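Participant: Next input, structure requested:
(2 chains)
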Amino acid sequence: MNSPLSWPEDAQGGVLGDGRYALATDRPASVDELLDRVRERVGQGCAIYPQGGRTALDYGGEPARPGSALDLTGLDRVIDYPYADMTITIEAGMTLAALAKVLAEQNQRVVLDAPEGDRATIGGILATSASGPRRFGMGRPRDQLIGVSFASSSGELVKGGGRVVKNVAGYDFPKLLTGSMGTLGVITQATLKVRPKPEASAIIWAPLDDGDALERTLERLNVSETRPVAIELLNASAASTIAAVADLPVGRFVVVLGFEDNADSVDWQLVRARQEIDSSAMAIARDSASEPIWSALVEFPALAIGPLSFQANIAPRSVAAFVERLDPDRWRVKVHAGNGIVQAHGLGEWTFEQAAAEIEPLRAAAVADEGNLILPRCPTAWKTRLGVWGDPRADWSLARRVKEALDPLAALNPGRFVDSI
Amino acid sequence: MASTGIAPPRIAISPRLSSDLVAALGADNVLQRPEEMLVYECDGYMVERSMPDLVVFPTSTEQVVEIVKICNRHSVPFVPRGAGTSLAGGTLSIGGGVTICLTRMKRILEVSIRDRYAVVETGLVNVFLTRSLAGTGFHYAPDPSSQGACTIGGNVATNSGGPHTLKYGVTVNHIRGVTLVMPDGEVVETGGAVEDQPGYDLTGVIVGNEGTFGIVTKAIVNLTRDPEAGRTFLGVFDTVDAATETVSGIIAAGIVPAALEMLDNLMIQAVEQAFGFGFPTEAGAVLIIEIDGLEAGLDREARAIAAIVESRGGAVRRSISWRTRKEPEYVAIWKSRKSAFGAIGRLSPTYCTQDGVVPRTKLPEILRFIVDVGRRHGLRIANVFHAGDGNIHPILLYDERDPDQVKSVLLASHEILDKCIELGGSVTGEHGIGVEKMEFMPKLFTPADLAAMTTLRNMFNPIGRCNPAKLLPGGAGCLEKTGPRRAAPA
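Facilitator: Numbering: from 1, shown residues only, chains lettered A, B, ... in the order given. The predicted structure is shown next:
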């Protein structure tokens, strides 16, 4: 796209990520002001780069053309919290930690276990569809969102869904916006389902040294008598880091089960799960003792260790074999094993050639499994050559038409999502 | 009974259309004699009827593509249809055209217990999927009351719910991907068996499209682990208010029941006459309260629920402790609930089932309002609904031979739905907008919201030939139009 604007040389106007600077940063204090800013900036030929807590500025492809940052953190109010209805409506710039605090007053919570909750905003979590270990038992961000308002690139406020837990009137914009990386609209407000906080919580930490037993163990857990809300798998590198938070034993692999329910149920599950897993050195953490482990599991994707991180999305049955391929001296790996989501951080120094030689066959394996492999973190210079999102999928021509219909000027977060959309 | 509103005039059908369809599908898969097509002139929403010109029964995605291309060649609209259980006229063949009935596409193509999904053709009847999974320890969670008849495709179209959505979510929470035949015949596969796919959640927005984006021929669905055990209670109350307060009390206690269903006195009488389960016919309301999960955790929740029921002046009259959902007493109580609409036939020759949603704390208010509406219009209104979700289903009893009663039913329905909006709710929790509720869309959504929805619909369905005149009122330019779109049937 031809743009009369050029990239700023310095960070005076703010930062966009990937070494790019913003022409300006707008931080509206109301939705009306936000709409005005969007109209104004788009009218000037600017692209709009929505930002929340700036925890994911380098996530995705490079910003494609000069534009302004739109900082949502000035919109951080609770709009409506009818706690007995188990819903809450908030502005999108509210942080996850602030939301958790509001909900805790009613002994409730929202099932969005994204990392860096003191900075990460609800809008950002929804736009990136950031999820955590509890997705196994409690669903993804898309499953928590029942209503959304967003600013279109023409500066109109659009809403979809509503404020009641069950509602099929109109098209499901909440689903379409979740995970759309800010490329279809700027999320300004969200209505979320909330849940009562569980009475009890526990972690089973089960080191396994026999790689061959890994898939057998995961397969058995898939049909466990228990009902874990999380089934996580760590390689030795991840296990040793997380073990340090609670003085836990380490193995070649560690399977972590998370339970949350009433106390009687959690007690029973701990007994039963120990019978189902064949591990010599199992450890158990209950309630407050489990919190640092839960927290370490949630924070794992945000670790910034080496220059490179990947996420492979594959079938759960393929997890064990996939993880076996990864050298624990080169990769720190944690897997949502029940969902088939492998998160890995590269360790130590990497050249581009080394990275390409590792990533390409792993991606091919994921794609052969009808999955994919994305790069949540890598040096900007590698992004195009390695392909942050992999090749677009078969539905991409339709997705592109959705983008063209809802953001005809291609003003929203250009360059950052699949196929540099 | 025909629609007398401003529905588009019937299109002229060329005889070549029929011969082209017969050539593509075989004569066995094409209906064209009016007497054969009677059942297709309406669905579960019987207030309006419109006979399609032809009804076709494809047996593969390729045949659906072929049908769509033939319809386009002849400039004829087409409407996808499953079992025809829609309660909002979503499958009505407005202005005629071809009804594409998917009920012969009913294969289960793949089941993976290890990866917790199944791939099915969308003409598959909902309950057949769960039945086929018996013994695996898994089931397909969405269980609309019509699950014995309705198809997975229909569930996808309307994003159906059911009694167990309170804990398990609605259809969209259980669909990982679909195969969509677009209105021009292009086939798109969205999502997949692998949970996260970079790109837009097209699956999420296709679910609930009510057939206005195209025809979904396959779906990849989640399989959900069976609960180990459950308890199902019959709570009996003198008043509807006491029952709704109990619902709030249970939720406030931090319990998320698997189901919380309420029947009012009129409904209790109908159901008891029909099934004789043992509902107390003198009660003001009953609640079916179900918790499920691990046996070890249930006793404590059960005691807590009993205490809440009693503290609101109610009594737990039955307590069913079950290990599978096949136990006779369990089956009996749910048969009573899920067949409640049918039981109404004993009270009245015709009835209109409404579908509205309010925040659950507003249930007492909307129920009092419904009583008032019934009194003002001289109508009997029975209530059976998903109390935990705030999803009400008032059933308005009337005699369709009396035009005054028909008019009253429409007026009363509108008043109830307007009140749902006023209370911060919605005009449909699970049945869809269809033709029935289009005029409410401008009350729920702003012109900008509707314009965005229209833009999306036009992207999928630019000529508007696929399921025309549904869901969105008029074109984007007619959003300001108010007043009833269709007159009452005479």
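Participant: what's around A:Ile277, how many residues?
Facilitator: 17 (other CB atoms under 10 Å in any protein chain shown). Just so you know, the C-beta spots here come from the backbone N, C-alpha and C atoms, and that holds for glycine as well.
Participant: show me the contacts for it.
Facilitator: A:204, A:206, A:217, A:220-221, A:255, A:257 (CB atoms under 8 Å, 6 or more residues apart in numbering or on different chains).
Participant: Of the residues you listed, which belong to helices?
Facilitator: If you go by DSSP state H, the contacts of A:Ile277 have A:217, A:220-221 in helices.
Participant: Just the buried subset of those, please.
Facilitator: A:217, A:221 (16 or more other CB atoms under 10 Å in any protein chain shown).
Participant: Which one of the ones in helices among the contacts of A:Ile277 is nearest to B:Thr136?
Facilitator: If you rank the ones in helices among the contacts of A:Ile277 by distance to B:Thr136 using CB to CB, A:Arg220 comes first, at 14.8 Å.
Participant: Please see if stretch A:279-291 touches chain B.
Facilitator: No. On the criterion CB under 8 Å from any CB of the partner chain, stretch A:279-291 is out of touch with chain B, staying 15.4 Å away.
Participant: I misspoke; the intended subject was stretch A:97-110.
Facilitator: Yes. Legend: contact between stretch A:97-110 and chain B by CB under 8 Å from any CB is shown at A:Asn107.
Participant: residues in contact with residue 144?
Facilitator: Went with chain A since none was named. A:110-112, A:192-193.
Participant: looking at chain B here, not the other one
Facilitator: B:126, B:150, B:155, B:160-162, B:430.
Participant: On the pLDDT front, check it for me.
Facilitator: At B:Pro144, the model reports a pLDDT of 93.
Participant: Quick check: phi and psi at it.
Facilitator: Main-chain torsions, B:Pro144, degrees, to the nearest 10: phi -60, psi 160.
Participant: Also A:Ala213?
Facilitator: Per-residue torsions, A:Ala213: phi -80, psi -10 (degrees, to the nearest 10).
Participant: For the residue lying closest to it once chain neighbours are set aside, give its distance to B:Ala452.
Facilitator: Among residues not flanking A:Ala213 along the chain, A:Asp278 sits closest, at 6.6 Å (CB to CB, 6 or more residues apart in numbering or on different chains). For A:Asp278, the distance to B:Ala452 equals 54 Å [CB to CB, to the nearest Å].
Participant: Who has more neighbours out of those two?
Facilitator: Neighbours were counted for A:Asp278 and for B:Ala452 using other CB under 10 Å; B:Ala452 has more, 28 against 13.
Participant: Would you mind naming the helix or strand containing that one?
Facilitator: Per DSSP states H and E: B:Ala452 is located in helix B:447-460.
Participant: still on that earlier bit, tell me which of the contacts of A:Ile277 is nearest to A:Ile187?
Facilitator: Lowest distance from A:Ile187 to the contacts of A:Ile277 (CB to CB) belongs to A:Leu257, with 33.3 Å.
Participant: Can you verify my assumption that the closest one contacts A:Thr226?
Facilitator: Yes. Counting by CB atoms under 8 Å, A:Thr226 is a contact partner of A:Leu257 at 7.5 Å.
Participant: what do the two both touch?
Facilitator: Taking CB under 8 Å, 6+ apart as the contact rule, the neighbours common to A:Leu257 and A:Thr226 are A:Ala273.
Participant: Looking at these two, which is more packed in?
Facilitator: Comparing A:Leu257 with A:Thr226 by other CB under 10 Å, the one with more neighbours is A:Leu257, at 28 against 24.
Participant: contacting residues around that one?
Facilitator: Each residue near A:Leu257 by CB under 8 Å, 6+ apart is listed here: A:203-204, A:206, A:221, A:226, A:228, A:230-232, A:273, A:277.
Participant: so where's the chain uncertain?
Facilitator: Since no chain was named, I'll use chain A. Scanning chain A for pLDDT under 70 picks out A:1-3.
Participant: could you do chain B instead?
Facilitator: Scanning chain B for pLDDT under 70 picks out the ranges B:1-8, B:475-490.
Participant: Beyond the longest helix seen in it, next helix or strand please.
Facilitator: Identified as the longest helix of chain B according to DSSP H is helix B:403-422. Downstream of helix B:403-422, the next assigned helix or strand under DSSP H and E is helix B:441-444.
Participant: quick revisit: what's in contact with the helix holding B:Ala452?
Facilitator: Contacts of helix B:447-460 (CB under 8 Å, 6+ apart): A:152, A:156-160, A:170-171, A:173, A:401-402, A:404-406, B:182-183, B:205, B:209, B:212-214, B:441-442, B:445, B:464, B:471-473, B:475-476, B:479-480.
Participant: In contact with residue 25, which residues?
Facilitator: All of this is about chain A. So A:Thr25 contacts A:13-14, A:51, A:68-71 (CB under 8 Å, 6+ apart).
Participant: right idea, wrong chain: chain B
Facilitator: B:56-58, B:63, B:66-67.
Participant: Quick check: it vs A:Arg330, distance?
Facilitator: 57 Å.
Participant: Now the terminal residues of stretch A:21-33, how far apart.
Facilitator: Stretch A:21-33 has an end-to-end distance of 23 Å (CA to CA, to the nearest Å).
Participant: export stretch B:172-179 as CSV, just CAs?
Facilitator: Extracted in CSV, the C-alpha atoms of stretch B:172-179 (Å, rounded to 0.1, in the frame of the first residue of the first chain):
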residue,chain,number,x,y,z
VAL,B,172,-20.4,-23.3,19.5
ASN,B,173,-18.3,-24.3,22.5
HIS,B,174,-18.2,-27.8,21.1
ILE,B,175,-17.5,-27.3,17.4
ARG,B,176,-13.9,-27.3,16.2
GLY,B,177,-14.4,-27.0,12.5
VAL,B,178,-17.0,-27.2,9.7
THR,B,179,-17.2,-27.8,6.0
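Participant: which residues sit against it?
Facilitator: A:139, A:143, A:172, A:175, B:61, B:117, B:140-142, B:156, B:159, B:168, B:187-193, B:195, B:203-204, B:206-208, B:216-222, B:224.
Participant: Also stretch A:100-109?
Facilitator: Contacts of stretch A:100-109 (CB under 8 Å, 6+ apart): A:78, A:81, A:83, A:86, A:88, A:110, A:117, A:194-197, B:254.
Participant: how about the residues you listed, which pair is most distant?
Facilitator: Spatially, the most separated pair among those is A:Gly117 and B:Gly254, at 22.1 Å (CB to CB).
Participant: Burial check on the closest residue to chain A within the stretch 251-400 of chain B, number of neighbours?
Facilitator: Closest to chain A within the stretch 251-400 of chain B is B:Gly297: 2.8 Å, counting by CB to the nearest CB. B:Gly297 has 24 neighbouring residues, counting by other CB under 10 Å.
Participant: can you pull the contacts of it?
Facilitator: The contact partners of B:Gly297, taken as CB under 8 Å, 6+ apart, are A:261-262, A:264-266, A:268.
Participant: need the residues you listed in a markdown table with secondary structure, distance to chain B and neighbour count, can you?
Facilitator: Below are the contacts of B:Gly297 laid out as a markdown table (DSSP: H, G, I helix; E, B strand; the rest coil; distance: CB to the nearest CB, whole Å; neighbours: other CB atoms under 10 Å in any protein chain shown):
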| residue | secondary structure | distance to chain B | neighbour count |
| --- | --- | --- | --- |
| A:Asp261 | strand | 6 | 24 |
| A:Asn262 | coil | 5 | 21 |
| A:Asp264 | helix | 5 | 18 |
| A:Ser265 | helix | 3 | 25 |
| A:Val266 | helix | 8 | 23 |
| A:Trp268 | helix | 3 | 19 |
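Participant: among those, which two are most distant?
Facilitator: For the contacts of B:Gly297, and using CB to CB, no pair is farther apart than A:Asn262 and A:Trp268, which are 10.2 Å apart.
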